[in-house]
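Asker: Predicted coordinates and the sequence they were generated for:
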Amino acid sequence: MLFIVNISLLAIKIYIYLVLMKKNYIILPVYNDWDSLKKVLQILNQSFRASKTHNYIIIINDFSSKKINFKKEYSNFKYLRVLNLKKNVGSQKAIFFGLKYLQKIIKKKNDKTTISILDSDGEDNPKIVKKLIRLTNIKKDYFIFVSRKKRTENNLLKALNQLRLFITFILTGKFINFGNFSAFPSTLLNRILSNNNLYLAYSSGVLKNYNKFFFVEIKKNKRFYGNSKVNLKFLILHAIKIISVFYKTVLLRTIILVLITFISFDSLNLKILFTVFVIIINLILISMNLFFKPKKIGLSIIKSIT
């Protein structure tokens, strides 16, 4: 009789361990920034020390020129996997392929399985990840995003970023002042991957495909090592990618702007110049959606998994 009781208790413990225990998948895209990533992993490992959860680390190596080997020093991770891409695709596409990989390996998508995304340079504070995961338990069916209330760039980049936010709002009607740093239940994974908007830009892709969000304002960290890759070229390209997700909305809004210009101004040269500018902008956005966002995307981009 005692033997049967012990076996039953063991079976219950195994069931809790395998089925009921919360699982956290954490995606970290990286390109050569291995020193910062190591520190991020150390902080994450420390923060999960007393946590009764299964924590899975998915590193997306975006065709880094530098190589790294991870020692088995992270006791609070169930496993740490590195997805090595065949070519450099940028952080947004790297995140997309990470999510596609999780879509394949997570068999049971439920609210006990969360997915978190953060950059690997330390600017997204890894100490906050656990808080975001807890919020997914409270705000069920919500995306939890971090909006940065204070940035650490120089004044010129801050001004350019504000200009980007303003232009994005004018063209799309969306105020996108948040980036990759987020957490959400795995039940939403298929929803946001229902089309390939995330391939261009993660934040606007989620915004296009879903409508329940909760924002946490947190000060942006400084990078742990090295210099920021954010510059004028980066901001322009990033803005185009974000806006291109809403290209149909942009087309409608810019047509309205052209009509307002024709009504409000007498100068024919100004009207022609602005119309040409609008046509060029829309052609760029439409071409990005038609030619740079494939209809079917598999996982053949992944060279190896270590």
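Answerer: Now that the structure is in, tell me what you want to look at.
Asker: Format the CA atom coordinates belonging to the helix or strand where Phe97 lies as PDB.
Answerer: Per DSSP states H and E, Phe97 falls inside helix 91-105. The C-alpha coordinates for helix 91-105 follow below in PDB (Å, rounded to 0.1, in the frame of the first residue of the first chain):
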ATOM      1  CA  SER A  91      18.100  41.700 -35.800                       C
ATOM      2  CA  GLN A  92      14.400  42.000 -37.000                       C
ATOM      3  CA  LYS A  93      14.600  39.000 -39.300                       C
ATOM      4  CA  ALA A  94      16.700  37.100 -36.800                       C
ATOM      5  CA  ILE A  95      13.900  37.500 -34.300                       C
ATOM      6  CA  PHE A  96      11.400  36.400 -36.900                       C
ATOM      7  CA  PHE A  97      13.400  33.100 -37.500                       C
ATOM      8  CA  GLY A  98      13.700  32.600 -33.800                       C
ATOM      9  CA  LEU A  99       9.900  32.800 -33.500                       C
ATOM     10  CA  LYS A 100       9.400  30.500 -36.500                       C
ATOM     11  CA  TYR A 101      11.700  28.000 -34.700                       C
ATOM     12  CA  LEU A 102       9.700  28.200 -31.500                       C
ATOM     13  CA  GLN A 103       6.500  27.700 -33.500                       C
ATOM     14  CA  LYS A 104       7.900  24.400 -34.700                       C
ATOM     15  CA  ILE A 105       9.200  23.100 -31.300                       C
END
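Asker: for it, packing partners?
Answerer: Contact here means 3 or more CB pairs under 8 Å, 6 or more residues apart in numbering; DSSP states H and E; on that basis helix 91-105 packs against strand 23-30, strand 54-61, strand 79-85, strand 113-117, helix 189-192, helix 202-209. All C-beta atoms are positioned from the backbone trio N, CA, C, and that covers glycine.
Asker: a markdown table please, covering those and showing distance to Leu235, mean neighbour count and mean pLDDT.
Answerer: A markdown table is the format used below for the helices and strands packed on helix 91-105 (distance: least, CB to CB, whole Å; neighbours: other CB atoms under 10 Å; pLDDT from 0 to 100):
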| stretch | distance to Leu235 | mean neighbour count | mean pLDDT |
| --- | --- | --- | --- |
| strand 23-30 | 18 | 24 | 97 |
| strand 54-61 | 22 | 23 | 95 |
| strand 79-85 | 24 | 17 | 93 |
| strand 113-117 | 21 | 25 | 97 |
| helix 189-192 | 25 | 16 | 94 |
| helix 202-209 | 14 | 22 | 94 |
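Asker: do you know which of those lies nearest Gln162?
Answerer: Closest to Gln162 of these, according to CB to CB: helix 202-209, at 16.6 Å.
Asker: right, and the helix or strand after that closest one?
Answerer: Once the chain leaves helix 202-209, the next helix or strand it forms, by DSSP H and E, is strand 213-218.
Asker: and that next one, how far from the chain's centre?
Answerer: 14 Å (CA atoms, centre = their mean, to the nearest Å).
Asker: Check the offset of the helix or strand following that strand from the chain's centre.
Answerer: Later in the chain than strand 213-218, the nearest helix or strand by DSSP H and E is helix 232-244. Counting by CA atoms, centre = their mean, helix 232-244 is centred 15 Å from the centre of its parent chain.
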